[in-house]
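Participant: Fold the following.
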Amino acid sequence: MSDPKLYKVGIANLFFSKYVFFWWIIYGIWQSALLYFVSFLSYEKNGGCFYLEGNFVYTGVVIIANIKILSDSSTHSVFSWFFIFGSIIVYIGADLFAANIPESDLFGVIGNMVNSREFYLIIVFVCLAVIYVDVGFNYITFEYW
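Facilitator: Okay, here's the model as predicted:
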């Protein structure tokens, strides 16, 4: 409160406007459509089941969200690295735990997903596509606007 002119940026909505809000909505729809169609089309030809494809999409969302947090944050500490990679590891561990319970609907599904080369190729492709588009938009935004 000692320097009120710093708050004028927030009051004038210079960094978050309707345009920015709808741009993030469109960008989120593009990312989800990319992950959905690439994963479902690649596993469909291999005889994938609904649980396999759905679990793959959810795994992709967890990994991509954490990678985006890592790339978009301007400051990092030991704790941020711990929580970003820890959340990915905890998710995969919980997934593997659920896959080893015989009464679970995921029994055997995770093994099929992790043993396929499509899993790794699609995760890397979608992560790189999302990060490169982020970098390109950030460059355009900072360079020309």
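Participant: for Glu76, helix, strand, or coil?
Facilitator: Check again: residue 76 is His, not Glu. coil (DSSP: H, G, I helix; E, B strand; the rest coil).
Participant: How about the contacts made by it?
Facilitator: Leu70 (Cβ atoms under 8 Å, 6 or more residues apart in numbering). Just so you know, the C-beta spots here come from the backbone N, C-alpha and C atoms, and that holds for glycine as well.
Participant: how about the residue nearest the centre of the chain, what does it touch?
Facilitator: Centroid check for the chain by Cα atoms, centre = their mean gives Ile64 as the closest residue, at 2.2 Å. If you count contacts by Cβ under 8 Å, 6+ apart, Ile64 has them with Gln31, Leu35, Val126, Cys127, Val130.
Participant: can you tell me how far it sits from Ile122?
Facilitator: 11 Å (Cβ to Cβ, to the nearest Å).
Participant: Also Ser87?
Facilitator: 20 Å.
Participant: These two - which one has more neighbours?
Facilitator: Ile122 (19 against 15; other Cβ atoms under 10 Å).
Participant: contacting residues for that one?
Facilitator: Val38, Ser39, Ser42, Phe56, Gly60.
Participant: Now the two most distant members of the residues you listed.
Facilitator: Within the contacts of Ile122, Ser42 and Gly60 form the most distant pair, 11.5 Å apart (Cβ to Cβ).
Participant: ok so, going back, which of the contacts of Ile122 lies closest to Asp105?
Facilitator: So of the contacts of Ile122, ranked by how close each gets to Asp105 (Cβ to Cβ), first place is Phe56, at 14.6 Å.
Participant: how deep is the residue nearest to the closest one when sequence neighbours are not counted tucked in, by neighbour count?
Facilitator: Distance criterion Cβ to Cβ, 6 or more residues apart in numbering; nearest residue to Phe56, sequence neighbours excluded, is Ser39 at 5.0 Å. When neighbours are defined as other Cβ under 10 Å, Ser39 has 24 of them.
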